[in-house]
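Chemist: Build me a model from this:
(chains A and B)
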2 protein chains.
Amino acid sequence: MPDLKTEVISVGTELLLGQIVNSNTAWISDRVANLGISMYYHQTVGDNLQRVEQAFKTASLRSDIVFITGGLGPTEDDLTREAFSTLSGIPIEEDEKTFASMETFFKNRNKGMTPNNRKQAHVFKDSMVIENPVGIAPGIIVEYANVTWIFTPGVPKEMEAILDPFVFTYLRKKYKLDSVIRSKMLRFIGIGESQLEHDLLDIIKSQSNPTIAPLASEGEVALRLTAKASDINKADQMIEEVEQKIKPIVGQFIYGENNRNIEETVIHLLAEKQLSLSSAESLTGGLFSDKLVSVSGASQVFQGSAVVYSSKAKNSVLEVPFELIEKYGTISEECAELLAKNATEKFNSDIGISFTGVAGPNKSEGKDIGTVYISLYTNGKKAQTTKHHFHGDRSSIRTRAVKKGLEILFHHLKNL
Amino acid sequence: MPDLKTEVISVGTELLLGQIVNSNTAWISDRVANLGISMYYHQTVGDNLQRVEQAFKTASLRSDIVFITGGLGPTEDDLTREAFSTLSGIPIEEDEKTFASMETFFKNRNKGMTPNNRKQAHVFKDSMVIENPVGIAPGIIVEYANVTWIFTPGVPKEMEAILDPFVFTYLRKKYKLDSVIRSKMLRFIGIGESQLEHDLLDIIKSQSNPTIAPLASEGEVALRLTAKASDINKADQMIEEVEQKIKPIVGQFIYGENNRNIEETVIHLLAEKQLSLSSAESLTGGLFSDKLVSVSGASQVFQGSAVVYSSKAKNSVLEVPFELIEKYGTISEECAELLAKNATEKFNSDIGISFTGVAGPNKSEGKDIGTVYISLYTNGKKAQTTKHHFHGDRSSIRTRAVKKGLEILFHHLKNL
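Modeler: Presented below is the predicted three-dimensional model:
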């Protein structure tokens, strides 16, 4: 494999003003590492012709592959094309195909195309134009001065859609990147990061290929296994071997692999067991339901949710008697159980889950911020209710309550 | 005020591998903008002596103030000090005070100090040492080659604690930074970025202080007005004057200022008009409700939402007759109207809003992906229903439907 030097140049005054965090650069760097080549430099410059050009010049003298994000938009201060054209002498011209699809884009939205928008169809003469599947300005690849120059818009999802897979496939081919890096994520719920790392310490320490990296996010943990080998089969086999060491120790907490999230696993398990689900949400306010509906195909098993935020709604929509509310409060085991049961019946589902608690910023009904009851009801059986204390702000508490509900459903469904 | 050029150099191979996002640089940039001086460049290099030294050399030729984060830790690959010493010829020496507090630090934690830890007490001869209140390695300020060099560890909370307030106060004093920068965001809904820029082009072009910067996000746009003046009152007055030019042209699309989001504005308007709201959600699946509940205080005006994802639930929970569904389908004006009306009645609210449509990935009831009906019902009046076509993936379509619903509510409530 050649020793290629890679560099990212981010263009945009908003970055220099600290208005946004440069997540693009981290994303590109991660992908470049997976190609098995080295990232050497990141540069950021503002929307200034001279300084953008200078950044390109610096890169041309030290790097083999240069990614440039930003400065391809419709406004006056989008100068990336002009700067590169000045440096290289390569003229800018309009790409007919891009302009045609821009016309369709604006027509479909019943919007007029303003004159400045036309600029987004500009590319370099004889360059490779890569369609932008989620926006307007296309990506561009130019080979110039022994450097591969790759231009993309700065909007993260546009940049990602342009680079992956087209540009990375192009680089693999051009530079004959023949060793492969394969990664697999194992996703855990119900175990903390430090506990996981502790339980697997011997394995983690004795491994260098594949590497094992724990990654924590709100309410769950993942392990990233990364292997480098001469072909895909070998790399996958190396990962498989490490997995076989990990699973006997902490396998019961694994809910999925790679990009699968916990809500997909729950929907999948419901479908497998031919069960339908509904929910009753107070503090979570629709967030639980939203997570499930975000999974395509949810409609097969998820009936819906009664978001009963006020006491009045708990009564009028889910028939929780005011006497119960007066006696136990809405943040109680009693209320949680009745919400789960009545949602199940109202939606005619097999299983119902309810969430009631205090998201903050103030205490409620004398209960501390973060107190949450989650109740799981299966038709005809006694409801299972658990009490939790979550930490953090309003948003964290609501998110953690939903994660915990998904964890409870996962363990329940898995063992049916 | 001098025209100072500022630069940030981040040192760390983990950044080049994309293992972490460089949030330090955004934080420093934001603070520097508030000092009223300009950030010109960001650079990132790995833990390599030669490349770190080269980054310093580049900065010394073009910048007046250079922030360096990272590479001050205890390990072999922490090379920031060595690189700067090589460039400048300034010797490295141990700071007695830092070393003494390190000894206390380890003693208090009952840990032995490993020999490599001692490196963290190393500073430059005759430099200014800034205590690290939340970690070990101190910050360092050096004046060399007409540049102010500021070194901090890369751990965000250590960097922040060292810079703020000590370093910023030092810079204010040294460079006599007596002007202030004030920013204000105007937030728009119902107008696109290019339309907004087109309508305001003359104002934007003729303005340099305050500057006017448009920023787009999914379904809405903001304008950031930034003024530089000798005192806060003057800066605020300059912003006020530009606002008075903008408002007659596009003021009807402004829903809020600064950090206020559209859901807060809707909750605020409901409270002001003493009206309560509920919703019926099909394709949005709880996302609308979740947005409202994320606003603290929503419970005063938001009753709840019936997430009726399946046809069965539309019937059993919101009493939409199966005959209506058979005749018009669930993705229809007729269904949307009845959902809005029945949710309003079920939740006993003054206003109800409903969402029904096709989020994808497949067509539904013969309707194209992105077709969405939104219906607004006010007790006793005829429902107002609009049909929309949103583009993008499942998640984008659902998000845009919710934004459009909030936009409809905003315009309705504002004009009551």
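Chemist: Residues in contact with the least confident helix or strand in chain A by mean pLDDT: which ones?
Modeler: Lowest mean confidence among the helices and strands of chain A (mean pLDDT, DSSP states H and E): strand A:211-217, at a mean of 80. For strand A:211-217, the surrounding residues in contact (CB atoms under 8 Å, 6 or more residues apart in numbering or on different chains) are A:192-193, A:196-197, A:200, A:203-204, A:221-226, A:242, A:246. In short, each C-beta sits where N, CA and C put it, glycine included.
Chemist: Who are the contact partners of the residue nearest to A:Ser296 when sequence neighbours are not counted?
Modeler: The spatial neighbour of A:Ser296 that comes closest, neighbours along the chain excluded (CB to CB, 6 or more residues apart in numbering or on different chains), is B:Pro361 at 5.3 Å. For B:Pro361, the contact set (CB under 8 Å, 6+ apart) comprises A:Ser296, B:Ile369, B:Asp393, B:Arg394.
Chemist: hmm, 10 Å instead?
Modeler: Contacts for B:Pro361 (CB atoms under 10 Å, 6 or more residues apart in numbering or on different chains) come out as A:Ser296, A:Gly297, B:Ile369, B:Asp393, B:Arg394.
Chemist: In CSV: those residues, plus distance to B:Tyr255, pLDDT and secondary structure.
Modeler: As requested, the contacts of B:Pro361 are arranged in CSV below (distance: CB to CB, whole Å; pLDDT from 0 to 100; DSSP: H, G, I helix; E, B strand; the rest coil):
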residue, distance to B:Tyr255, pLDDT, secondary structure
A:Ser296, 32, 88, coil
A:Gly297, 35, 86, coil
B:Ile369, 28, 96, coil
B:Asp393, 26, 89, coil
B:Arg394, 26, 92, helix
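Chemist: and which of these is nearest to B:Thr25?
Modeler: Sorting those by distance to B:Thr25 puts B:Asp393 at the head of the list, at 30.5 Å, by CB to CB.
Chemist: For the nearest residue to the closest one once chain neighbours are set aside, grab the count of nearby residues.
Modeler: Leaving aside its sequence neighbours, B:Asp393 sits nearest to B:Gly360 (CB to CB, 6+ apart; 6.9 Å). Neighbours of B:Gly360 under the rule other CB atoms under 10 Å in any protein chain shown: 20.
Chemist: cool, the one 10 residues further on as well?
Modeler: By other CB under 10 Å, the residues close to B:Gly370 number 21.
Chemist: Do I have it right that it meets B:Gly360?
Modeler: Yes: if you go by CB atoms under 10 Å, B:Gly370 and B:Gly360 touch, sitting 7.3 Å apart.
Chemist: what sits in contact with each of those two?
Modeler: Both B:Gly370 and B:Gly360 are in contact with B:Phe390, B:Gly392, B:Arg394, B:Ser396, B:Ile397, where contact means CB under 10 Å, 6+ apart.
Chemist: show me which of these neighbour chain A.
Modeler: When CB under 10 Å from any CB of the partner chain is taken as the criterion, the members of the shared contacts of B:Gly370 and B:Gly360 that contact chain A are B:Phe390, B:Gly392, B:Arg394, B:Ser396.
Chemist: Farthest pair within those?
Modeler: For those, the maximum inter-member distance is 10.6 Å, found between B:Phe390 and B:Arg394 (CB to CB).
Chemist: who touches A:Phe322 in this structure?
Modeler: When contacts are taken as CB under 10 Å, 6+ apart, A:Phe322 is in contact with A:Ser311, A:Lys312, A:Lys314, A:Asn315.
Chemist: For the helix or strand containing the last one, what does the pLDDT average out to?
Modeler: Here A:Asn315, judged by DSSP states H and E, is contained in helix A:311-318. With pLDDT averaged residue by residue, helix A:311-318 scores 94.
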